[in-house]
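Participant: sequence below, structure please.
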Amino acid sequence: MIHFDSHTDLFNSYFGGTQYTHGTPFRRAVEEGLLDPKRVCMIGIRGSTYDNEDRDFADAVGIRVIPIEEFHARSVPDVMEEARDIAGLKETYISYDIDFVDPTFAPGTGTPEIGGPNSFQGLEVVRHLEGVNIVGADVVEVSPPFDASGNTAFLGASILFELLCVVAKKLSHSQMT
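Facilitator: This is a model prediction of the structure:
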């Protein structure tokens, strides 16, 4: 899985001990054998730290976390080359949380975190997924009521369109060979 987000979603529990929430799905997926942690790359992680539980879990199981500081210090093509290498040629799921993008460009989300990429970089990372064996994807946490301008929803739809273009290109190439 290649995961674009400002949060790892690797916590053991959230909201008073609940183990199945928006902050825990990827930990559950690793624990339940649904994700190979050595083939998971999380990009853009930042924000307030309650504790290091999520990052410690990532380190313990071999998940590659690329924090936002590293993302900004490197180029998008360089970061995405590493993500593609981690995914390899096997089937890969793409998870894109809109709060990966800075709230200046995507304020319509429930858990915004400052310091993220701009909207162009938000699209650029998707364009660099070419060559990944994508078998499924999501764009999550778009909340139109939090953005009267509608820009977050438009960006979310644009990201989804770009994801579909990458998949369509892969499919058209596979039909030619």
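Participant: can you pull the contacts of the nearest residue to Arg46 once chain neighbours are set aside?
Facilitator: Once flanking residues are discounted, Arg46 sits nearest to Ile68: 4.0 Å by CB to CB, 6 or more residues apart in numbering. Placement of C-beta: from N, CA and C, glycine included. The contact partners of Ile68, taken as CB atoms under 8 Å, 6 or more residues apart in numbering, are Ser6, Gly44, Ile45, Arg46, Gly115, Gly116.
Participant: now those residues as a markdown table including secondary structure?
Facilitator: Output for the contacts of Ile68, formatted as a markdown table (DSSP: H, G, I helix; E, B strand; the rest coil):
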| residue | secondary structure |
| --- | --- |
| Ser6 | coil |
| Gly44 | strand |
| Ile45 | strand |
| Arg46 | coil |
| Gly115 | coil |
| Gly116 | coil |
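Participant: tell me which of those is nearest to Gly136?
Facilitator: Closest approach to Gly136 among the contacts of Ile68 (CB to CB): Gly44, at 20.0 Å.
Participant: isn't the closest one up against Phe71?
Facilitator: Yes: at 5.5 Å, Gly44 and Phe71 qualify as touching, with contact defined as CB atoms under 8 Å.
Participant: tell me, what's touching these two both at once?
Facilitator: Shared contacts of Gly44 and Phe71, counting by CB under 8 Å, 6+ apart, come down to Pro117.
Participant: between these two, which one's more packed in?
Facilitator: Neighbours per residue, other CB atoms under 10 Å: of Gly44 and Phe71, the larger number sits with Gly44, 30 against 23.
Participant: output the contacting helices and strands for the longest helix along the chain.
Facilitator: Criterion DSSP state H: the longest helix present in the chain is helix 151-176. Here helix 151-176 touches strand 92-97, helix 119-127, strand 134-140, going by 3 or more CB pairs under 8 Å, 6 or more residues apart in numbering; DSSP states H and E.
Participant: just name the most buried of the ones you listed.
Facilitator: strand 92-97 (a mean of 22; mean count of other CB atoms under 10 Å).
Participant: contacts for that strand next, please.
Facilitator: Outside strand 92-97, the residues that touch it by CB under 8 Å, 6+ apart are 1-7, 9, 39, 109, 126, 129, 132-141, 159, 163.
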